[in-house]
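>>> no sequence on hand, only this structure:
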């Protein structure tokens, strides 16, 4: 089915629903000889799984990953890799009241208009549970890029509601991100963010925010002209994540306040290498990597399913009230951090293989 695959040379195809039997991904195009294990992939999935703190959904899924093909004696064979995690803590009965109505801001209505039917159990294919597959595939790309090019990929929560950290992304490292449950490297702001989410949760509501993505040590020359620009593919990757409503790279929207003389990144020679004095462009020019850090911001809306009473309509076109039950995140950002990491890795991996193919 179109729309379920991502990438050209490093291609993933995901399948599975929120309350189906499993979520899986086929990774095609991974070079042979990469040492990879279920434990390594599991470490990334553990950062995304539900139930990891009191500010995430209480659904208890261990997301145990299984490698069914494409790996032999601990190394990739160059053939398609099948990764699968079985669903365990399924409660489809929580969604019985939803099967004949359209939830506000959910994909219920649009899926029905497109397919003529929908899986009402936790949004089915439209559920963020599908991102488990992306994180699993991204773990493979992330390791390959680190071993081959020493590329570092990380992201962190920069803003929740109106609470924002002004910490410099160049000074952020994974250890600081993982020191708290919100995954914000500013430990003081993290406490404020957590308190806000706790209050929002107690009100039966939800809140959104911004994740900052950073990709370091990317060599110059990755990306394709015109339609497959590196920045464009990153934008598509991030906007494909559930609840994402905005993407900007480099100076982004703030760049409109700068004159050309202020925004232009001047070249200089450092250690006999051409570099840039500034990096307002965010690591790409003409959609091709410059060798500087790639940095961007991703805006996540508040979670649509809330326990506050809302008005909606049913299949009979009647106005009805809805007070949703079930288990949901009051804020998706802590669990979305590894998803942003994974999508970054998938884009860079694909473009690196395309770069190599052209050479």
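Thanks, I have it. Just so it is clear, the model here is predicted, and its values are computed rather than measured.

>>> any weak-confidence spans in the stretch 51-200 of the chain?
Scanning the stretch 51-200 of the chain for pLDDT under 70 picks out the ranges 89-94.

>>> all helices in it, in order from the N-terminus.
Taking DSSP state H, counting those that start in this stretch, the helices of the stretch 51-200 of the chain run over residues 108-115, 131-149, 174-177, 187-202.

>>> so which of those gets nearest residue 281?
With CB to CB, the closest approach to residue 281 among those belongs to helix 131-149: 20.3 Å. Every C-beta, even on glycine, is put in place using the N, C-alpha and C of the backbone.

>>> deepest of the helices of the stretch 51-200 of the chain, which one?
Of the helices of the stretch 51-200 of the chain, the one with the most neighbours on average (mean count of other CB atoms under 10 Å) is helix 131-149, at a mean of 23.

>>> for it, packing partners?
Using 3 or more CB pairs under 8 Å, 6 or more residues apart in numbering; DSSP states H and E, the elements in contact with helix 131-149 are strand 11-16, strand 22-28, helix 38-48, strand 81-86, strand 152-160, helix 333-358.

>>> distance to residue 95 and mean neighbour count for the ones you listed - can I get that in TSV?
Shown next, in TSV, are these (distance: least, CB to CB, whole Å; neighbours: other CB atoms under 10 Å):
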stretch	distance to residue 95	mean neighbour count
strand 11-16	17	20
strand 22-28	17	21
helix 38-48	22	17
strand 81-86	20	22
strand 152-160	27	24
helix 333-358	20	24
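
>>> want to throw those into TSV with distance to residue 169?
Listed next are the helices and strands packed on helix 131-149 as TSV, based on distance: least, CB to CB, whole Å:
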stretch	distance to residue 169
strand 11-16	27
strand 22-28	29
helix 38-48	19
strand 81-86	30
strand 152-160	8
helix 333-358	13
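
>>> ok, which of these comes nearest residue 270?
Distance to residue 270, taken as CB to CB, is lowest for strand 152-160 among the helices and strands packed on helix 131-149, at 19.3 Å.

>>> that closest one: partners in the sheet, and parallel or antiparallel?
Taking DSSP bridges as the criterion, strand 152-160 forms sheet pairs with strand 163-164 (antiparallel), strand 209-216 (antiparallel).

>>> residue 21: which of these is closest?
Nearest of the strands paired with strand 152-160 to residue 21, taken as CB to CB: strand 209-216 at 30.4 Å.
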